[in-house]
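Visitor: This is a predicted model, with the sequence first.
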Amino acid sequence: MTAHRNLKRRVRARAAKTGESYVAALRHFRPTPTGDDMPDHTHTTLRIAVAQSTVRDDPTDADGLRGSAAEVRRLMKEAAEAGARLVHFTEGAICFPSKFVLSELGPDQVGPSDWSRAAWAVLDEELDRIAALSGELGIWTVIASVHRRPAPARPHNSLYVLSDEGRAAARYDERTLSNTKISYMYSPGSRPVTFAVDGYRFGLALGMDAHFPEVFTEYERLDVDGVLMSYETGGLPGRETVATEVRGYAAANSYWISLAVPADPSGPHAGVIGPRGAWAAECPPDGQPAVAVADLHREDTLGPLARDWRRRTRSRIGV
């Protein structure tokens, strides 16, 4: 009983100091997987989790959508139990719509997508449940989904940022759409998006953004501490290079990158990459659904003087 009162006192003290809710403050004192208490992190350290999860490709399959969303919620709980402040999911975490399933000329020929076939009501319901769980757990959730727009406009392929209060805080729309996506499926986004958690600023990247270093240089100019990159190609050639590319961007820009990919033993695995390009945390390479957790330290990134030097040099040489 005394220990319980002491825990409450410590949680309330942290909430008063940081301005967090009681639920968010409590997360910092939950046991770690080793059984030890979580350290009372200050805002110089941020614990994040990245997930690799099952990806299904039929947006008309209501049961499949519910199954993917249930797995997402299970992994959210694992991340929260590990003390993460934020959990990040892959492109297609709920569904990565097939160009054949939705094709007006399908199922064997690619053509304009008929989005009226998608189970929109189920998708909306599951996103609402994921948002509500973010609030219950006191954890930020970054998850990809299709963003519906009024007909005849095509939807966006998007990343949603759900706050630790269960609210939609931001949305990023993929800008570097593949030929198939832009020809038959989606409308492109138009701008970078950043958001902050406990003083750490993140940029968002999705899909084919992984193959464009300009996207990551742009986020460096926006003073981010890290980029959350969600990626799925449906097994097309080139997927095996994404981890190499993203590790290079992390080192070149001296910031953290979280790479979220599907749970697939034939592809890359999810993980968090440090500002020098090395893995800070990795999901198992066996392709099973899992989360990996890493502590981000701002002192590991370049200081303001070094960043200013890089920007002046890039400006001078015209890049």
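Guide: Arrived safely, thanks for sending.
Visitor: all contacts plus neighbour counts: C-alpha atoms, from now on.
Guide: Will do.
Visitor: what residue is smack in the middle of the protein?
Guide: Residue closest to the mean C-alpha point of the chain, counted by Cα atoms, centre = their mean, is His88 at 3.2 Å.
Visitor: Would you mind measuring from the residue nearest to Gly267 when sequence neighbours are not counted to Pro188?
Guide: Using Cα to Cα, 6 or more residues apart in numbering and skipping residues adjacent in sequence, the residue nearest Gly267 is Glu240, 6.1 Å away. When Cα to Cα, to the nearest Å is the yardstick, Glu240 and Pro188 sit 24 Å from each other.
Visitor: Please say which of the two ends up with more neighbours.
Guide: Applying other Cα atoms under 10 Å to Glu240 and Pro188 shows that Pro188 carries more neighbours, namely 19 against 14.
Visitor: Please name the bridge partners of the residue nearest to the centre of the chain.
Guide: Under DSSP bridges, the beta-bridge partners of His88 are Val50, Val142.
Visitor: who are the neighbours in contact with it?
Guide: Applying Cα atoms under 8 Å, 6 or more residues apart in numbering to His88 gives the contacts 48-51, 141-143, 228, 258, 260.
Visitor: close enough to count as contact, Asp58 and Val101?
Guide: Yes - counting by Cα atoms under 8 Å, a contact exists between Asp58 and Val101, whose distance comes to 6.4 Å.
Visitor: about what we covered before: mind picking the two most distant members of the contacts of His88?
Guide: The two members of the contacts of His88 with the most space between them (Cα to Cα) are Ile48 and Ile143, at 13.8 Å.
Visitor: Sheet partners, orientation included, of the helix or strand hosting Ser158?
Guide: Using DSSP states H and E, Ser158 sits in strand 156-162. Taking DSSP bridges as the criterion, strand 156-162 forms sheet pairs with strand 140-147 (antiparallel), strand 168-173 (antiparallel).
Visitor: how many neighbours does Pro152 have?
Guide: Other residues within reach of Pro152, judged by other Cα under 10 Å, total 7.
Visitor: how about it, secondary structure?
Guide: On the three-state scheme (DSSP: H, G, I helix; E, B strand; the rest coil), Pro152 is labelled coil.
Visitor: got the contact list for it?
Guide: Residues counted as contacts of Pro152 (Cα under 8 Å, 6+ apart): none.
Visitor: Lowest-scoring secondary structure element of the protein by mean pLDDT?
Guide: Within the chain, no helix or strand scores below helix 2-18, which has a mean of 55 by mean pLDDT, DSSP states H and E.
Visitor: chain center to stretch 218-231: distance?
Guide: Relative to the chain's own centre, stretch 218-231 is displaced by 12 Å; criterion: Cα atoms, centre = their mean, to the nearest Å.
Visitor: Please read the previous query as pertaining to stretch 147-158.
Guide: 20 Å.
Visitor: Can we start the residue count at 816 from this point?
Guide: Yep, numbering from 816; the last one is stretch 962-973 now.
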